[in-house]
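J.: Just the structure for this:
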Amino acid sequence: MDAPAFPPAFVPPANARTIRAFGDSATFMLTGEQTGGAYSMFVNVTAPGGGPPPHWHDGEDEWFLVLEGRAEFFQDGAWTEVPIGSAVFMPRGTIHTFRNAGDTPLKQVIHTAPSGFETFFERCSQEFQNEGGPDMGRILEISAEHGIYYL
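T.: All right, here's what the predicted structure looks like:
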């Protein structure tokens, strides 16, 4: 048996990094550092009515596991509500988004492959910390630098 390319990782919640941007909090349980760049895994909490605008990723596949709340996903021009426990996969290049359709927080486990979403989210978080809020032009630039584009 060949040795793994990177060692196993155990990340307790207290050691995970929480980043806030776009009105969401993302707690990165696994990043490219732990997975050899293979993927990122985070717990994302979205406030009622929240969610990103429709977008696509040039470089990452993205998949979701709905843990709590009411989740709706947009794909192929239509919204679909999915029940708690549902898994959703959006391959790179697919125009998609999600939103919290309920009145309580939406909690999901989200994976992106390959890794790097943690770097994108951190860079955007820095913009959201600016006095007066983020420069949305800069958010679009950061997104494009990471291969993420909005309709």
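J.: Cys124 is in contact with Leu140, isn't it?
T.: No. Cys124 lies out of contact with Leu140 (C-beta atoms under 8 Å); the separation is 10.4 Å. No exception for glycine: its C-beta is placed from N, CA and C like everyone else's.
J.: On the three-state scheme, Ile142 is what?
T.: Secondary structure assignment for Ile142 (DSSP: H, G, I helix; E, B strand; the rest coil): helix.
J.: Then Glu33?
T.: With three-state DSSP as the basis, Glu33 sits in helix.
J.: between Cys124 and Leu140, which one's more packed in?
T.: For Cys124 versus Leu140, neighbours defined as other C-beta atoms under 10 Å are more numerous around Cys124 (21 against 13).
J.: Wasn't the more buried one part of a strand?
T.: No. Counting by three-state DSSP, Cys124 is not part of a strand but helix.
J.: show me the contacts for the residue positioned nearest the centre of the chain.
T.: For the chain, Ile110 is the residue whose C-alpha lies nearest the centre (C-alpha atoms, centre = their mean; 5.7 Å). Counting by C-beta atoms under 8 Å, 6 or more residues apart in numbering, Ile110 makes contact with 26, 41-44, 62-65.
J.: Okay, strands next: where are they in this protein?
T.: Assignment of strands within the chain using DSSP state E yields the ranges 17-21, 24-30, 40-46, 55-57, 61-68, 71-75, 78-82, 87-90, 96-100, 106-113, 148-150.
J.: and these as TSV, adding mean pLDDT and distance to Asp135?
T.: Formatted as TSV, the strands of the chain follow (pLDDT from 0 to 100; distance: least, C-beta to C-beta, whole Å):
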stretch	mean pLDDT	distance to Asp135
strand 17-21	96	13
strand 24-30	98	19
strand 40-46	98	22
strand 55-57	97	18
strand 61-68	98	25
strand 71-75	96	26
strand 78-82	96	30
strand 87-90	98	27
strand 96-100	98	22
strand 106-113	98	24
strand 148-150	97	15
